[in-house]
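S.K.: sequence first, then the predicted structure:
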Amino acid sequence: MSTLDIRGITKSFGTTQTLKGIDLTLEQGEFLVLLGASGCGKSTLLGMISGLGTPTSGDIVLDGRSLNGVHPKDRDIAMVFQSYALYPNLSVARNIGFGLEMRGAPRAAREAAVQDTARVLKIDHLLDRKPGDLSGGQRQRVAIGRALVRKPRLFLFDEPLSNLDAKLRMEMRSELKRLHQTLGVTVVYVTHDQIEAMTLASRIAVMQGGRIEQLGTPEDIYDRPATRFVAEFMGAPPMNMLPATPVPGGLALDGTDAVLPCTSAAPLLIGLRPEALKLAPAAGAMAVSGTVDLVELTGPERIVTVDLGARTIAATLPADQRVGRGQPVTLYTDPARASAFDPDSGRRVTLAPVVTG
Amino acid sequence: MFTDRLTLRAWVLMLPLLVVMLAVIGWPLADTVRLSFTDARLVGTGGAFVGVENYTGMLGSRNFRKALVATLTFSVWSVAAELCLGVLVGLLLNQRFYGRALLRALMILPWALPTVVNATLWRLIYNPEYGALNAALTQLGLADSYQSWLGQPGTAMGALIVADVWKNFPLVALIALAALQAVPRDIQAAATSDGANAWQRFRHVTLPYLVGPLMVALVLRTIEAFKVFDLIWIMTRGGPANSTRSLSLLVYQEAFAFQRAGSGASLALVITLIITVLAGAYLALMRRAAGQGG
């Protein structure tokens, strides 16, 4: 049973603080994704867990043992690098078995373990090749094999799919998901790709400026973003943000006729996911009207930008709903799916519904 | 048609150079080959054909064997020491520390010096009466009396090798440093996390990146060391008792001091042959390196 406990980790380089106090707890078998734009501190945090970097303060505890001052090789943690970091002069078999070889595992046991791992990753026919003779996807599998074969307590992945082309990235993503489901290993995975985060994670930690903005399940992160940053970071196109002012009977979305039936004393920002906006009216739905400004077909969907006068709003409609530029449309949305944020702090605000009757 | 015309133009443009090269390299070489089969003297005319007598006489002589051994001793020890020291210094200068840039620049200095300057400098250091080495050793209590480092057959060769290593290890260090900077940091990190200790990381991760460039340095340095003349000429003139007389010095003495152009020519050709083999090894290595790179 592997649990990881990260307590108050900070990291400073000179006067700049790249990690400003990170607290995380990870259960056995979890797949935690650290998600954020470059420079948010996610790779730095991963480096601290692996032992390749040292925190300025705070503690990392794996299965009850503090890792402070523990050498990377004694942590029982394996890391997969974005660049694969394979040893170019060694065969695939020796690359995978390198960790066991360095730890002095008996030859027979080592070869059996390499064979088993290679079979799981479907690279057992490549064992005699050198990394230079392999494709990107095959190299990635070797890199994963090198981590798997050691049966570590914890797996770390640093943007492992970023160097692959789009199609291969999807394949390897599914492969990783399958591996995690079959082997039940504990994973910390760093990426800037929200689709990777959504599909792979059991929990996501969205990071920004050296802090965790929100830690939660993919559903939490997507449907109930804790801050405006998370709301706008997740989703393509991002969540629409509309300022709203209190009026009798609810919150009026500025520049529209729509009124959100809830009570608030102060102005708020109302967040609406593009896919929560529909052309068909429904009971209790809130409506905004405008003219179509831009239509982008992605294949399964049609992303429509609607000009509301003062601002624009994006809606993701099914591809079969044809709308043309300049056409007047009315978009309907379920008020329950709206998020609200404090315009100053950016924090999520829970909306109290107007009690009618 | 186009390529043919281009080729023609290339040949026309190259022609002056080829003519000059033939005149200053080709003709002397051919004449040396001719001379090596005669008993010609440097001054005076003619020289009768003597067949391979110069070769058999020279290759069988004690002087040649002694010079060959001296040259090999000098080359093997100085190149080996330059490679070891060069790699170690390269590894050190690849670490991050304060003042690294300055040290990197300073390291080049001995290599940038002309050999004549370096040789004169070391002759002063080794001077039996006022040399810095003698002073340092006696003042530190490591030696009782001043030594004539270059005047004793037991120490002269060692002293020459030290002077050569001092001048030439920076080249190896520079090549090693360049190669070290090409080792990806992720691979080092992966090996650390795989449990490799410092020696294992050097052996399995770093060294494979160094081997190719070091082979090139090895062959280049060996060719240079094998031809050594100026350093020895200034420091010992081949002495004491001819213990540091290299093949190049032997050729010089034979052809110019003793004015035996014929046997001097044959000896020069033997050295040329040996160096050609070394150069061939160098070219083969370069080709292999280029093949791997592509």
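M.R.: It's in.

S.K.: what's the following helix or strand after the helix ranked longest in chain A?
M.R.: When chain A is parsed with DSSP state H, its longest helix is helix A:166-183. Following helix A:166-183 in sequence order, the next helix or strand is strand A:187-191 (DSSP states H and E).

S.K.: what angle separates that following strand from helix A:166-183?
M.R.: 160 degrees (axes from the mean of the first three to the mean of the last three Cα atoms, to 10 degrees).

S.K.: any buried residues in the helix or strand following strand A:187-191, and which?
M.R.: Downstream of strand A:187-191, the first helix or strand assigned by DSSP H and E is helix A:194-200. By 16 or more other Cβ atoms under 10 Å in any protein chain shown, the buried positions in helix A:194-200 come out as A:Gln194, A:Glu196, A:Ala197, A:Met198, A:Leu200. In short, each C-beta sits where N, CA and C put it, glycine included.

S.K.: can you tell me the closest non-neighbouring residue to A:Ala266?
M.R.: Using Cβ to Cβ, 6 or more residues apart in numbering or on different chains and skipping the chain neighbours, the partner closest in space to A:Ala266 is A:Pro246 (7.0 Å).

S.K.: got the buried residues of helix A:194-200 as CSV, with distance to B:Phe226 and pLDDT columns?
M.R.: CSV is the format used below for those (distance: Cβ to Cβ, whole Å; pLDDT from 0 to 100):
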residue, distance to B:Phe226, pLDDT
A:Gln194, 64, 91
A:Glu196, 59, 93
A:Ala197, 63, 94
A:Met198, 67, 94
A:Leu200, 61, 94
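
S.K.: looking at those residues, spot the one nearest chain B.
M.R.: Comparing the buried residues of helix A:194-200 against chain B with Cβ to the nearest Cβ places A:Glu196 closest, at 19.8 Å.

S.K.: model confidence score at the residue lying closest to B:Leu250 once chain neighbours are set aside, please.
M.R.: In this structure, B:Leu250 finds its nearest non-sequential neighbour in B:Ala67, 4.3 Å apart by Cβ to Cβ, 6+ apart. Among the per-residue scores, B:Ala67 shows a pLDDT of 92.

S.K.: element containing B:Ala67?
M.R.: helix B:62-93.

S.K.: so for the helix or strand following that helix, mean pLDDT?
M.R.: For helix B:62-93, the following helix or strand on the C-terminal side (DSSP H and E) is helix B:100-112. For helix B:100-112, mean pLDDT is 90.

S.K.: ok now helix B:100-112, how far from the chain's centre?
M.R.: 20 Å (Cα atoms, centre = their mean, to the nearest Å).

S.K.: what's the answer for stretch A:76-93, then?
M.R.: 24 Å.

S.K.: flag every buried residue along stretch A:259-274.
M.R.: In stretch A:259-274, counting by 16+ other Cβ under 10 Å, buried: A:Val259, A:Leu260, A:Cys262, A:Ser264, A:Leu268, A:Leu269, A:Ile270, A:Gly271, A:Leu272, A:Arg273, A:Pro274.

S.K.: burial count for residue 145?
M.R.: Going with chain A. As a burial measure, A:Gly145 scores 26 neighbours (other Cβ atoms under 10 Å in any protein chain shown).

S.K.: um, chain B though
M.R.: Using other Cβ under 10 Å, B:Ser145 has 8 neighbouring residues.
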